[in-house]
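1. Predicted model and sequence below, questions to follow.
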Amino acid sequence: MPHFLDIHKTDPDALRGIVASARAMKEARDGVPKGTPDAEQPLAGRMVALIFEKPSTRTRVSFDVGVRQMGGETMVLSGADMQLGHGETIADTARVMSRYVDLIMIRTFEEATLLEMAEHATVPVINGLTNRSHPCQIMADVMTYEEHRGPITGRKVVWSGDGNNVFASFAHAAGQLDFDLTFTGPEPLDPERALDGLYRTERDPAKAVESADLVVTDTWVSMHDPQSARERRHNQLRGYQVNAELMARAKPDALFMHCLPAHREDEVTSEVMDGPASVIFDEAENRLHAQKAILRHCLGV
């Protein structure tokens, strides 16, 4: 079953094919009004279930729009609608949903929920995000880098901040697509040990970004974090803010990315977000195109 569960579980040639497909579909829509369907309708007659146990804006809108542009239909279900694992097992939910739809995209908290869904579904399952990884985001990021600067292979990417789920997918991509990844952040927020060998660590952010081709960060706090955790995170991460001084230490043509939403003046300054190095809104748009390519990859269309 051609699931898309994590970047390191997907063949590098398939990843390359997804990026190429995404760029081709983006180019084909150049100048086309936003509400216009794609000329190709590869998902015509297909129904895609979009399950959001964890709330979302960009993931929901980009998948919904992408399916519709390609001629398919969506069924959007919240955690309250599904009550995953409560009253009915996730395995049984997967079996039942597979009788109704052609593909399942799930955005959830625990990786175990995703894996159980994929194990028992008889249709492809896409990881829209878990607490451990966010592969769809990184496919959009790779696409964005390459449309601005060419192949990411051999480039230096620096992540500043928390070694979170988005960083984990960057590490998986570094292993599959052969680019150099550096983590700079406080030791208590180091990435999980399972990622060892896929990146290097430099505690000093100024040293970390030297010769960087791409600098990336993410929010310091989650919407689910209590106030005490927010204050602690700010204290830990204040020295890892991406600002103009830090970006000046990277290569002159280095790019800046953030998966959004951003807290301006916390993890990154507005000067950087709105500056010439920033490609954050191209990055956000490319979620749409990358996810369309992932849908086509999983459905073989």
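-> Right, received. Where do you want to start?
2. Poorly predicted segments of the stretch 201-301 of the chain, please.
-> By pLDDT under 70, the low-scoring segments of the stretch 201-301 of the chain are 223-225.
3. in the protein, which spans are strands?
-> Secondary structure of the chain (DSSP state E): strands at 47-52, 73-78, 103-107, 125-129, 156-160, 180-184, 200-201, 214-217, 255-258.
4. Tally up the residues packed near the spatially closest residue to Gly163 that is not a sequence neighbour, please.
-> By the measure of C-beta to C-beta, 6 or more residues apart in numbering, the closest residue to Gly163 outside its immediate chain neighbours is Pro191, 3.3 Å from it. Glycine gets a C-beta too; all of them are placed from N, C-alpha and C. Residues contacting Pro191 under the criterion other C-beta atoms under 10 Å number 22.
5. who touches Pro191 in this structure?
-> Each residue near Pro191 by C-beta atoms under 8 Å, 6 or more residues apart in numbering is listed here: Gly163, Phe167, Ala168, Ala171, Phe183, Tyr199.
6. quick one: it from Trp159, how far?
-> Between Pro191 and Trp159 the distance, using C-beta to C-beta, to the nearest Å, works out to 9 Å.
7. which residues do those two both contact?
-> By C-beta under 8 Å, 6+ apart, Pro191 and Trp159 have these common neighbours: Phe167, Phe183, Tyr199.
8. out of those, which is most surrounded?
-> Within the shared contacts of Pro191 and Trp159, most neighbours by other C-beta under 10 Å means Phe167, with 28 neighbours.
9. Could you report the distance from it to Cys259?
-> Separation of Phe167 from Cys259 (C-beta to C-beta): 11 Å.
10. ditto for Val215
-> Distance of Val215 to Cys259, given as C-beta to C-beta: 13 Å.
11. Next: Arg58.
-> Distance, Arg58 to Cys259, using C-beta to C-beta: 8 Å.
12. go on, Thr153?
-> Thr153 is 22 Å from Cys259, by C-beta to C-beta.
13. higher neighbour count, those two?
-> Cys259 (20 against 11).
14. for Gly239, what are its contacts?
-> Pro186, Pro205.
15. try 7 Å
-> Contact analysis of Gly239 by C-beta atoms under 7 Å, 6 or more residues apart in numbering lists Pro205.
16. Ignoring the adjacent residues along the chain, who's closest to the most centrally placed residue in the chain?
-> Taking C-alpha atoms, centre = their mean, the centroid of the chain lies closest to Gln137, which sits 1.6 Å from it. Nearest residue to Gln137, sequence neighbours excluded (C-beta to C-beta, 6+ apart): Cys259, at 5.1 Å.
17. hang on, isn't the one you found packed against Thr217?
-> No - with contacts counted by C-beta atoms under 7 Å, Cys259 stays clear of Thr217, the gap being 9.2 Å.
18. thinking again about what came up before, looking at the strands of the chain, which is closest to Ala248?
-> Closest to Ala248 of the strands of the chain is strand 214-217 (C-beta to C-beta; 10.9 Å).
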